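coordinates only, sequence not included:
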DNA sequence: ACACACCTTTGATGCACATCAAGGACTGAC
DNA sequence: GTCAGTCCTTGATGTGCATCAAAGGTGTGT
């Protein structure tokens, strides 16, 4: 990982608390994920100055709700959030899970209104980035403008992947794909790609993947019998990464 | 519709050909859809100067292919295009249909590579907007920057709608929703909201909606029996718009 | 330590849509 | 015009996942 730009005052104890909000972009562990930018030191400070950090969200607290006025996008600093829409007949559709370093809320730009709700799956801290400031800053920092175009474009391509998954793939392919996705996002954060704790419930997984809880549970059981996954409630261990990949693509 | 900004040289015969590429943004019939901007006359001319117009695409010709280097986004001037991804095992997933006034290609920004392919469903004309020029222009035209952020955000919210549709809704709800979507997009272009010709095949519809051709066909037949739709091959007439809306939301 | 609410698993049954199959309609080439 | 190819429709059958049902597990607050 790249060198810290500053050595600030929060190296007090053994390690900084992941939910600590007294951290700036320059010394944030996640800045290579959230801001893979060729920014000058001054630029980072300028960006840093518009970002608001606040107290962590507790589990199941809302970050924003569908219909709220859109003002900011958010970067996850710690924890996990889910975004979801409520359908006309009152059901939920989970549209994404957001891990540290990832940005959410961009679907609110088009109508100045959040198109989905977001809530914490566990205690989580976020950085709030007021969109109007971001727009102004983007106009004078071409690399920031480009970065946000790219972020939004990535959101589109990821949604397209999910569309394909839902439209064409079996229950096993869907669950295997999600496990791979989480695995990849963990390794990007230098965490284990094969052993992790799921922050979301089976209900949320099923909801995201267009399956019922029962089906998700059954798929996990089958994958255990195949010896490619070990499941202990929310603790997951991928025993055969290649096997999961095959299952995700070739399908079963 | 708003007044034309200029009266140019292409009012020759009765009406300008819809595929004519010698048209600029100022006098384009679609500019209230494509560019609902508070742009000054000079700004529109500047934007106009970066846009490239070329010969129409014939049916089934590619606009771009998955993996091509990304250089431009495109605005549809006439005709219809479909965008689709090819899955690992060689199947197609249609991710969207694009009608006149709509923008496609934005999924290529994130990796400088087109994430999907786009081809014409019928003879179609497009405006090519080189992205590098667009970026530069956006930095000095705040309303243009905002417009593109909004366009991309809208693409995200529309993908989320499709995700919900695929994940939660029955075959009838899906088909009814697509008919409504086409109806709405037609009326935005001052065309009939109840009578239109489908530019895409049943295969494409099924592919987009995650259904087989047979199911799409059967749903059309059922909707005819219910007297809410008249289907004659690709000619569609919505007989009971309220009925279609109910079917789309409440489902059946 | 207990109780209560919620989450997860497993089994039995049913159904919506896929698959397989075949005939008919449209389209373009010559 | 007619032929070949593609597209669309309809019917018969099969299956993957939803639904219904119930029991065991997990965590939390007191």
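The structure has been received and is ready for your questions. Since we're looking at a predicted model, the values are computed, not measured.

Spell out the residue ranges of the strands in chain A.
With DSSP state E, the ranges of strands along chain A come out as A:52-53, A:62-64, A:72-78, A:81-86, A:92-98, A:103-104, A:117-120, A:125-130, A:195-197, A:229-232, A:235-238.

who wins for proximity to chain B among those strands?
strand A:92-98 (4.2 Å; CB to the nearest CB). Using the backbone N, CA and C atoms, a C-beta is placed for each residue, glycine as well.

and the angle from the closest one to strand A:72-78?
For strand A:92-98 against strand A:72-78, the angle by axes from the mean of the first three to the mean of the last three CA atoms, to 10 degrees is 60 degrees.

buried residues in strand A:92-98?
For strand A:92-98, burial by neighbour count (16 or more other CB atoms under 10 Å in any protein chain shown) applies to A:92-98.

Now for residue A:61, how many residues are close by?
13 (other CB atoms under 10 Å in any protein chain shown).

quick one: pLDDT of it?
pLDDT, the model's per-residue confidence, is 94 for residue A:61.

Residue A:228 and residue A:237 touch, don't they?
No - if you go by CB atoms under 8 Å, residue A:228 and residue A:237 don't touch, sitting 10.2 Å apart.

ok, these two, which is more surrounded?
residue A:228 (20 against 12).

Next, the contact list for that one, please.
A:238-240, A:243-244, A:247 (CB atoms under 8 Å, 6 or more residues apart in numbering or on different chains).

from the residues you listed, which is closest to chain B?
residue A:247 (12.4 Å).

Contacts only, for the closest one.
A:172-173, A:176, A:223, A:228.

Looking at those residues, which two lie furthest apart in space?
With CB to CB as the measure, no two of the contacts of residue A:247 lie farther apart than A:173 and A:228, at 13.2 Å.

Quick check: the gap between residue A:55 and residue A:114.
In this view, residue A:55 and residue A:114 are 20 Å apart by CB to CB, to the nearest Å.

Look at these two and report which has more neighbours.
Between residue A:55 and residue A:114, counting by other CB under 10 Å, residue A:114 is the more crowded of the two (21 against 8).

close enough to count as contact, the more buried one and residue A:106?
No - the pair residue A:114 / residue A:106 is not scored as a contact, 10.2 Å apart, by CB under 8 Å.

what about stretch A:123-135, distance to the chain center?
Computed by CA atoms, centre = their mean, to the nearest Å, the chain-centroid distance of stretch A:123-135 equals 14 Å.

That stretch vs chain B: in contact?
Yes - Stretch A:123-135 reaches chain B (CB under 8 Å from any CB of the partner chain) through residue A:135.

residues of that stretch that come out buried?
A:124-129, A:131, A:133-135.

what does it rub up against?
A:18-21, A:50-54, A:56-59, A:63, A:70-81, A:109, A:144, A:148, B:142, B:145-146, B:149.

Same question for stretch A:161-171.
Here stretch A:161-171 makes contact (CB under 8 Å, 6+ apart) with A:95, A:173-174, A:177, A:209-211, A:215-216, A:218-219, A:251-252, B:85, B:87, B:91, B:93, B:95, B:159, B:162-163, B:166-167, B:207, B:209-210.

what do you get if the cut-off is 6 Å, keeping everything else the same?
A:174, A:177, A:210-211, A:215, A:219, A:251, B:93, B:162-163, B:166-167, B:210 (CB atoms under 6 Å, 6 or more residues apart in numbering or on different chains).
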